[in-house]
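A.B. asks: build me a model from this:
(chains A, B, C and D)
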Number of protein chains: 2
Amino acid sequence: MDPEFVTQIRRLSQLYAYTSIQMHEAVGRKAGLSGTDHKYLGFLLQKGQMTAGEWATLTGLTTGAITGLIDRFEKKKLVKRQFAEDDRRKIIIVPDTKKIMALLEPLYKEYRGKSEKLLASFSAKELKVIESYFLQAVEIMQETTSKLSNE
Amino acid sequence: MDPEFVTQIRRLSQLYAYTSIQMHEAVGRKAGLSGTDHKYLGFLLQKGQMTAGEWATLTGLTTGAITGLIDRFEKKKLVKRQFAEDDRRKIIIVPDTKKIMALLEPLYKEYRGKSEKLLASFSAKELKVIESYFLQAVEIMQETTSKLSNE
DNA sequence: TCATATTATCTTAGTAGCTAAGATATTTAT
DNA sequence: ATAAATATCTTAGCTACTAAGATAATATGA
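C.D. replies: The predicted structure is shown next:
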């Protein structure tokens, strides 16, 4: 295969990742959240709710840092602390999904429309190619990361 | 188009960006660089060399932060400060590319091999699809970012 | 030419958010 | 009942950021 083309794809892939982070950071700033706060809020939304400790594990932050994270979100009334009924040491973080969505969706609206249009411009077969590339690339990167971290 | 599939691609795309950043951060840590330092070093390598001010513009950092960034790299002897001949206010940052490569390449080696193999598993036509998706998606994200930032 | 404005980088003071270590409160195990 | 383990919070110290001003070099204009 043309090695220049491979280089081009690799460069593009890096640019893609970087641009995506920049966009998410810009959205976060606009919403009054720091870049990392916005990123970690995404984890919470996907999971629905979780304990402070689970959030710490997922983000790789210490529990102390999570306390601060929750404090910042709670001050903005985007999440609520709730004692777990089965174990009163545990704090369940409950996102106010409606409020968070109301805050973020307008900022993503245009992007969402454009990217849907972009995806619609590909055939089903082509989308499968893109999906397959993403899936495999993610796996390779995760392998690399975990090897580097456990050594 | 199947809306669930679109959602799946969007989720994958976000995961891809996030995983990529995590990998680059892990590589950076292993090389003794903070996540952002590693990211910004990449800018410098791509450009070859630039002035402190250009680096500030490119990264979005203040000139004060760039001074600290250069200090950290200089202490590790990965870059050198050099007065510009035409304008002695300007400081040109010259990367020691050989040294930087020697530091980073071994950490990326395995990833590079695997991702080349992955790319080789696609046909030329399929690679064009992936390239086209990346190019257009990057543009959309850049538009979104700049709109959010200039408002 | 010389005074002034502009430009490029650095310095300083203040701040945010991180880690590490230890405190507190609750649960589990003996 | 006591000790150990667990979940979260608190505190001290650190790093890297911004904003504002200092310093030095260059450009401009009467």
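A.B. asks: and residue A:105, how many neighbours?
C.D. replies: 10 (other CB atoms under 10 Å in any protein chain shown). Placement of C-beta: from N, CA and C, glycine included.
A.B. asks: which stretch of helix or strand covers it?
C.D. replies: helix A:97-120 (DSSP states H and E).
A.B. asks: any buried residues in that helix, and which?
C.D. replies: Using 16 or more other CB atoms under 10 Å in any protein chain shown as the test for burial, helix A:97-120 gives A:100, A:103, A:104, A:107, A:108, A:111, A:114, A:115, A:116, A:119.
A.B. asks: what sits against the third one?
C.D. replies: By that I understand residue A:104. Residues in contact with residue A:104 (CB atoms under 8 Å, 6 or more residues apart in numbering or on different chains) are A:27, A:31.
A.B. asks: quickly list the domain ranges of chain A.
C.D. replies: Annotated domains of chain A cover A:3-120, A:121-151 [automatic domain parsing].
A.B. asks: I'd like those domains as JSON lines, with mean pLDDT appended.
C.D. replies: Converted to JSON lines, the domains of chain A look like this (pLDDT from 0 to 100):
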{"stretch": "domain A:3-120", "mean pLDDT": "94"}
{"stretch": "domain A:121-151", "mean pLDDT": "93"}
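A.B. asks: if we can go back for a sec, could the buried residues of helix A:97-120 go into TSV alongside distance to residue B:51?
C.D. replies: Output for the buried residues of helix A:97-120, formatted as TSV (distance: CB to CB, whole Å):
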residue	distance to residue B:51
A:100	42
A:103	39
A:104	37
A:107	34
A:108	36
A:111	33
A:114	35
A:115	36
A:116	41
A:119	41
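A.B. asks: name the nearest of these relative to DNA strand D.
C.D. replies: Ranked by distance to DNA strand D (CB to the nearest atom of the strand), these are led by residue A:100 at 19.3 Å.
A.B. asks: what's the closest non-adjacent residue to the closest one?
C.D. replies: Residue nearest to residue A:100 in three dimensions, not counting chain neighbours: residue A:78, with 5.5 Å by CB to CB, 6 or more residues apart in numbering or on different chains.
A.B. asks: how many residues are close by the one you found?
C.D. replies: 20.
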